[in-house]
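J.: how would this look folded up:
(one chain, ligands or ions: 1)
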Amino acid sequence: MLKITLHGLAAERGGTLLVPPQDLALSAGQGLIITGDNGAGKSTFLRVIAGLLPSAAGHITIDGAMASDGEPATRCSEICHYVGHRNGMKPHMSVRANLSFWQKFLQSDDARAIDAALLALNLFDFADLPFGYLSAGQQRRVALCRLLVAPRKLWLLDEPTNALDAASQELFFALIGAHLTAGGIVMAATHQPLQIADARKLVLTRAQPDVDAFDEGLWL
Ligand SMILES: Nc1ncnc2c1ncn2[C@@H]1O[C@H](COP(=O)(O)OP(=O)(O)OP(=O)(O)O)[C@@H](O)[C@H]1O
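T.: All right, here's what the predicted structure looks like:
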């Protein structure tokens, strides 16, 4: 069974420790919601888990998941979708072409999965429009379609519901539920309430500024 374990995983930015060492294990079907003030390090921590930034300390182990080369996965990047703050789409390309790009990038080629993703997020009528023509909420839904165009066990989501209306949020929560029921894992950083059944919680606290440095005028 899939299990992802953070062993003393810590994150820093610019030499400042933002997230002290975290020990945490998530098994298939479990979700983690990361909250905390602006600047607390939620995005940074997700990016460390995704392998987009080096950790300040600690490491991650993965049990029960194969990478696309058929070998046991050792890094989250081999089994994850990472949907960050930004949507990661080209504005002049159509919605379908953008999703096709991501599907190839994720080493998948099931054309039906793109139609299914567009239907699931109520975007089928927008498939041939340039991404840049869509509203902010529609654009966010296209970004979330990435989760469905290629199967990945681990979803790493940064503010996934930004700009989504209530109906779209419900659609998205249902997709998360289905992913967990199918044995996936979700880790999400957010300021919004997320409906993830029995989710674990990680609350990050913002590092305090170095008051001595201010007193010494080092900020000038
Ligand atoms: N490249 C960088 N170099 C130095 N510091 C950075 C860099 N990128 C981000 N930071 C700082 O790291 C801290 C944490 O940023 P991060 O984006 O992880 O916070 P967050 O908890 O996701 O915040 P928010 O709720 O505003 O999205 C912030 O103080 C930010 O200014």
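J.: can you give me the strands in this protein?
T.: 3-13, 16-27, 31-36, 57-63, 80-83, 154-158, 185-189, 200-204 (DSSP state E).
J.: pick the most deeply packed of these.
T.: Highest mean neighbour count among the strands of the chain (mean count of other Cβ atoms under 10 Å): strand 185-189, with a mean of 26. For the C-beta atoms, the positions are set from N, CA and C on the backbone; glycine is no exception.
J.: now distance to the ligand too, for the strands of the chain, in a markdown table please.
T.: Shown next, in a markdown table, are the strands of the chain (distance: least, Cβ to the nearest ligand atom, whole Å):
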| stretch | distance to the ligand |
| --- | --- |
| strand 3-13 | 4 |
| strand 16-27 | 5 |
| strand 31-36 | 5 |
| strand 57-63 | 17 |
| strand 80-83 | 14 |
| strand 154-158 | 7 |
| strand 185-189 | 6 |
| strand 200-204 | 6 |
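J.: could those go into JSON lines alongside mean pLDDT and distance to residue 142?
T.: Listed next are those as JSON lines, based on pLDDT from 0 to 100; distance: least, Cβ to Cβ, whole Å:
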{"stretch": "strand 3-13", "mean pLDDT": "97", "distance to residue 142": "27"}
{"stretch": "strand 16-27", "mean pLDDT": "96", "distance to residue 142": "27"}
{"stretch": "strand 31-36", "mean pLDDT": "97", "distance to residue 142": "23"}
{"stretch": "strand 57-63", "mean pLDDT": "97", "distance to residue 142": "29"}
{"stretch": "strand 80-83", "mean pLDDT": "96", "distance to residue 142": "11"}
{"stretch": "strand 154-158", "mean pLDDT": "98", "distance to residue 142": "15"}
{"stretch": "strand 185-189", "mean pLDDT": "98", "distance to residue 142": "18"}
{"stretch": "strand 200-204", "mean pLDDT": "96", "distance to residue 142": "28"}
